[in-house]
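**Q** Show me the folded form of this:
(one chain, ligands or ions: 1)
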Amino acid sequence: MHNLRYAIINKRILLGVCGGIAAYKSAELVRLLRKQHCQVRVIMTRAAQQFLTPLTFQALSGNPVHTELFDAEQEQAMGHIHLARWADILLIAPASANTLAKMAHGLADDLLSTLYLAADCPVWVAPAMNQAMWHKPVTQDNLARLRRHGVRVIGPATGEQACGEQGFGRMSEPEQICGQLLAPPTQPVLQGRKLMISAGPTREPLDPVRFISNRSSGKMGYALAEAAIRAGADVTLISGPVNLSAPATAKLIKVETALQMYEAVIGHIADCDIYIGAAAVADYRPTQVEARKIKKQHEHGMIALEKNPDIIAVVAGLPDKPFVVGFAAETDDLENYATGKLRNKNLDMIAANWVGQGEGGFDSDRNALQVYWPGGKKNLAMTDKQQLAAQLLNLIAERLNEKNPAQNP
Ligand code: PMT
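**A** Here you go, the predicted structure:
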């Protein structure tokens, strides 16, 4: 972790580690949490001990590791009820499908599941499992049940799995878990506000197998959706094709092309207080979409393109327009291009980021923004996208309240 700056440090974190190859990432998680001056106590399930030894976590956390529900020595020192009362946060990472199932149904047959039942602090889980196990309806039902009971879920991410399969189920990266866990408590600055956020890339088909797209992963837009929900907003997320799980309470509308995104945005924008265009929308689409796969025939090829609607400019031109925030992704002359888009698209604010060079921008967990509005600007320094999203939303709430004081909820 580079320069993570959290408002809240010195937390007492009870970290439950379940069996899974992702347990090795939890060792790094302990290190990051301690760097934030958190006290960490680790509980390992029996399966977790097949992957790492308690000694590893003892060395990293500086505390004895708890493994047994009934342990005469540990009961004296810190029994399960004591442990549960000690914690400010119970974090289970990796959380296996088995432990999630036990939590969802109130089973308490080992130390970790018993601690969950005994805990009265906030509980977070970072699931990790094979992609088929993740998609199994019973796992999803268990998670939905846990969410209803107030358990907060981080990830999982998608990608190559230890078993060689591809898909959802990789535990989120330790830095991302740390970022979400220790994010400053979000003030309800958007309580009662209706927000629409566009996220991810669009895909413009050429034929049934090919499309034109870009490198957006959706991480920035999804982080904004999560932070807006934490700030009290009612969120509609219009998402291009990404490999991320949307916040459970967001209204998610999935699209592929810029035209579909345009229709989804315009179809749901009525009554929105704020529109944030974080999506990387293709400016052009192929004029013609071939019904069959295009064959390799000539040495050179040409693709005729036509312009897509500028979604954000249309939103900003609506008679009853919301507060409109654009993003500008630039490889050069960031300020000039961004402020040009602010003016030409008639936006209320624009968040500009460098792309295609160094840290931040596309597909990174971190980013930095230069934010401009008519008559003002602010730099938001490089940090993880969750923190950055919360900072940008605070700025939006301030500007919105200045602009429409009468409409403060
Ligand atoms: O998704 P990540 O991997 O996390 O990366 C985040 C990001 C770099 C994609 C994000 O931070 C970002 O910059 N998003 C906007 C990217 C972009 O398309 O910028 P632009 O300068 O081309 O467009 C300017 C604004 O107009 C944007 O708000 C865009 O959503 C909007 N637009 C553009 C074209 C179009 N046809 N319709 C639009 O609404």
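
**Q** lowest-pLDDT helix or strand in this protein?
**A** In the chain, the helix or strand scored least confidently by mean pLDDT, DSSP states H and E is helix 72-78, which has a mean of 58.

**Q** Not counting its own residues, what contacts whichever helix or strand comes after it?
**A** Using DSSP states H and E, the helix or strand that directly follows helix 72-78 along the chain is helix 80-86. Contacts to helix 80-86, defined as C-beta atoms under 8 Å, 6 or more residues apart in numbering, come from residues 12, 14, 41, 43, 66, 69, 78, 90, 111, 114-115, 118-121. C-beta here means a position set from N, CA and C on the backbone, and glycine is covered the same way.

**Q** rerun at 6 Å
**A** 12, 114-115, 118-119 (C-beta atoms under 6 Å, 6 or more residues apart in numbering).

**Q** of those residues, buried ones?
**A** 114-115, 118-119 (16 or more other C-beta atoms under 10 Å).

**Q** Which single one of the residues you listed is nearest to Met349?
**A** Ala119 (40.6 Å; C-beta to C-beta).

**Q** Report the separation between that closest one and the ligand.
**A** 33 Å (C-beta to the nearest ligand atom, to the nearest Å).

**Q** can you give me phi and psi for that residue?
**A** Backbone geometry at Ala119, expressed as degrees, to the nearest 10, gives phi -70, psi 140.

**Q** in whichever helix or strand Leu143 is part of, what counts as buried?
**A** Assessed by DSSP H and E, Leu143 sits inside helix 137-148. Residues 139, 142-143, 146-147 are the ones in helix 137-148 that count as buried (16+ other C-beta under 10 Å).

**Q** Can I get the top helix by length along the chain as PDB, trimmed to CA atoms?
**A** Secondary structure of the chain per DSSP state H: the longest helix is helix 385-403. Listed next in PDB are the C-alpha coordinates belonging to helix 385-403 (Å, rounded to 0.1, in the frame of the first residue of the first chain):
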ATOM      1  CA  LYS A 385     -10.900   4.200  -6.100                       C
ATOM      2  CA  GLN A 386     -13.100   3.700  -3.000                       C
ATOM      3  CA  GLN A 387     -11.600   6.600  -1.100                       C
ATOM      4  CA  LEU A 388     -11.500   8.700  -4.200                       C
ATOM      5  CA  ALA A 389     -15.200   8.000  -5.000                       C
ATOM      6  CA  ALA A 390     -16.200   9.200  -1.400                       C
ATOM      7  CA  GLN A 391     -14.100  12.300  -1.800                       C
ATOM      8  CA  LEU A 392     -15.600  13.200  -5.200                       C
ATOM      9  CA  LEU A 393     -19.100  12.600  -3.900                       C
ATOM     10  CA  ASN A 394     -18.500  15.000  -1.000                       C
ATOM     11  CA  LEU A 395     -17.400  17.600  -3.500                       C
ATOM     12  CA  ILE A 396     -20.500  17.000  -5.600                       C
ATOM     13  CA  ALA A 397     -22.800  17.300  -2.500                       C
ATOM     14  CA  GLU A 398     -21.100  20.600  -1.500                       C
ATOM     15  CA  ARG A 399     -21.500  22.000  -5.000                       C
ATOM     16  CA  LEU A 400     -25.100  20.800  -5.400                       C
ATOM     17  CA  ASN A 401     -26.100  22.300  -2.000                       C
ATOM     18  CA  GLU A 402     -24.500  25.600  -3.000                       C
ATOM     19  CA  LYS A 403     -26.300  25.600  -6.300                       C
END
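
**Q** same for that helix, what does it pack against?
**A** helix 219-230, strand 366-373 (3 or more C-beta pairs under 6 Å, 6 or more residues apart in numbering; DSSP states H and E).

**Q** what would these look like in TSV with mean pLDDT, mean neighbour count and distance to the ligand?
**A** Formatted as TSV, the helices and strands packed on helix 385-403 follow (pLDDT from 0 to 100; neighbours: other C-beta atoms under 10 Å; distance: least, C-beta to the nearest ligand atom, whole Å):
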stretch	mean pLDDT	mean neighbour count	distance to the ligand
helix 219-230	94	27	4
strand 366-373	96	22	6
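
**Q** average pLDDT for whatever helix or strand Thr236 lives in?
**A** Assessed by DSSP H and E, Thr236 sits inside strand 234-239. Per-residue pLDDT values across strand 234-239 average out to 98.

**Q** Which parts of the protein belong to which domain?
**A** Following automatic domain parsing, one gets these domains for the chain: 12-181, 194-284+302-402.

**Q** Least reliable of those domains by average pLDDT, please.
**A** Among the domains of the chain, domain 12-181 scores lowest, with a mean of 91.

**Q** Figure out the length between the terminal residues of that domain.
**A** 12 Å (C-alpha to C-alpha, to the nearest Å).

**Q** One more: stretch 118-126?
**A** Separation of the first and last residues of stretch 118-126 by C-alpha to C-alpha is 19 Å.

**Q** again, but for stretch 267-280
**A** 19 Å.

**Q** Can you list the buried residues in it?
**A** For stretch 267-280, by 16+ other C-beta under 10 Å, it's 269, 272-280.

**Q** which of those residues come close to the ligand?
**A** With C-beta under 6 Å from any ligand atom as the criterion, the subset of the buried residues of stretch 267-280 in contact with the ligand comprises 277-280.

**Q** returning to what we had before: taking helix 219-230 as reference, get the angle to the longest helix of the chain.
**A** Orientation check (axes from the mean of the first three to the mean of the last three C-alpha atoms, to 10 degrees): helix 385-403 against helix 219-230 gives 60 degrees.

**Q** Run the chain-centre distance for helix 385-403.
**A** Mean-position distance between helix 385-403 and its chain equals 17 Å (C-alpha atoms, centre = their mean, to the nearest Å).
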